[in-house]
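> A structural model of the following input is requested.
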Amino acid sequence: MQVLQNPSQQSKKLWFVASGQPYDGGDPCFFDPQDFPWVKDLESQWPVIRDELEALLKERGDSLTPYFHPDLVSSEGVWKTFAMYFWGLKFRDKCKQCPQTTRILESIPHMIGASFSMLEPESTIKPHHGDTNAIARCHLGLLIPAQLPECGMGVGDEKQSWEEGKLMMFCDAHKHTAWNHTPYRRFVLIVDVIRPEYASQKFWVCFSVWKDIVKQWFKTRKK
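Reported below is the predicted structural model:
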């Protein structure tokens with residue numbers, strides 16, 4: 001029987017927000033998508049994903065649910081998601097509703113999370129740190145109402161606009177925020193990918209984040 005060792009004891013670079021320690025890693029705020037070979041194929045299929053999202057909204061518009069942590073948004077219910085994968089867990093019923101998107105997602109190496117994300121008009125996701133530096137969080141622009149300064153993301157001291165059909169990649173451990181100061185909804189496909197240097201620790205990373213998420217959920221329910 002193989003004993004599961006804590007990789008955080010083996011690597012000083014691995015960081016989790018649950019540790020309570022500030023993130024002081026040397027990772028860039030935004031990653032260059034061109035450094036990941038699978039990005040070109042994903043971007044080439046973005047119309048398929050957008051069309052499947054639009055069909056989902058037309059048939060099952062109520063399938064998008066508010067993000068479980070209401071303190072992160074400017075007002076209740078302005079950030080909604082449709083999760084297909086979440087830290088290694090596959091939601092099979094959701095994937096069946098989006099078969100083409102699922103097929104594309106499962107071709108991405110070390111993909112552990114994916115969801116459609118909607119940000120309502122005139123709304124903001126407040127600055128916050130993500131769960132770990134072990135992932136590259138990716139946003140594929142699907143329906144983008146405007147560019148900076150009206151609509152975009154800030155990671156650390158840097159800002160970027162979403163673009164339809166283009167992938168934005170950033171280090172989730174840095175403090176980041178997003179906003180949509182337009183009269184229209186913004187839609188992206190969020191994809192979480194374990195970074196190559198942490199690929200061998202994928203299962204430990206997912207397990208560690210899940211523990212913290214369960215704790216947060218219970219705290220939210222008590223409120």
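
> Low-confidence bits of this protein, can you list those?
Low-confidence segments of the chain (pLDDT under 70): 1-12, 68, 70, 220-223.

> so what does the host helix or strand of I104 touch, helix or strand wise?
Here I104, judged by DSSP states H and E, is contained in helix 99-105. Packed against helix 99-105 by the contact rule (3 or more Cβ pairs under 8 Å, 6 or more residues apart in numbering; DSSP states H and E) you find helix 46-59, strand 79-86, strand 111-119. Yep, even glycine has a C-beta here, placed from its N, CA and C like the rest.

> Sort out which residues of that helix are buried, please.
The neighbour-count check on helix 99-105 (16 or more other Cβ atoms under 10 Å) flags T101, T102, I104, L105 as buried.

> Would you mind giving these as a markdown table with distance to I49 added?
What follows is those, written out as a markdown table (distance: Cβ to Cβ, whole Å):
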| residue | distance to I49 |
| --- | --- |
| T101 | 5 |
| T102 | 10 |
| I104 | 7 |
| L105 | 9 |
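
> Most widely separated two among those residues?
The largest distance within the buried residues of helix 99-105, taken as Cβ to Cβ, falls between T102 and I104 and amounts to 7.3 Å.

> thinking again about what came up before, quick one: contacts of the helix holding I104?
With contact meaning Cβ atoms under 8 Å, 6 or more residues apart in numbering, helix 99-105 is reached by 42, 45, 48-49, 52-53, 84-85, 95-96, 111, 114, 189, 191.

> farthest pair in the residues you listed?
Longest distance between any two of those is 20.8 Å, between L42 and K96; criterion Cβ to Cβ.

> Between these two, which is the more surrounded one?
L42 (21 against 10; other Cβ atoms under 10 Å).

> Just read off the phi/psi values of the more buried one.
Note on L42: its backbone torsions stand at phi -60, psi -50 [degrees, to the nearest 10].

> In contact with it, which residues are there?
Contacts of L42 by Cβ under 8 Å, 6+ apart are I104, I108, L140, L167, V191.

> Highest neighbour count among those residues?
Neighbour tally across the contacts of L42 (other Cβ under 10 Å): the maximum, 28 neighbours, falls on L140.

> now the nearest residue to that residue once chain neighbours are set aside: how far from K13?
With Cβ to Cβ, 6 or more residues apart in numbering as the criterion, L140 has its nearest non-adjacent residue at 4.2 Å, and that residue is L189. Distance of L189 to K13, given as Cβ to Cβ, to the nearest Å: 28 Å.

> who has more neighbours, those two?
Between L189 and K13, L189 has the larger neighbour count (other Cβ under 10 Å), namely 26 against 13.

> buried set for whichever strand or helix holds that one?
Counting by DSSP H and E, the element that carries L189 is strand 186-194. For strand 186-194, a neighbour-count test (16+ other Cβ under 10 Å) marks R186, F187, V188, L189, I190, V191, D192, V193, I194 as buried.

> what's near enough to touch P47?
Shown in contact with P47 (Cβ under 8 Å, 6+ apart): G165.
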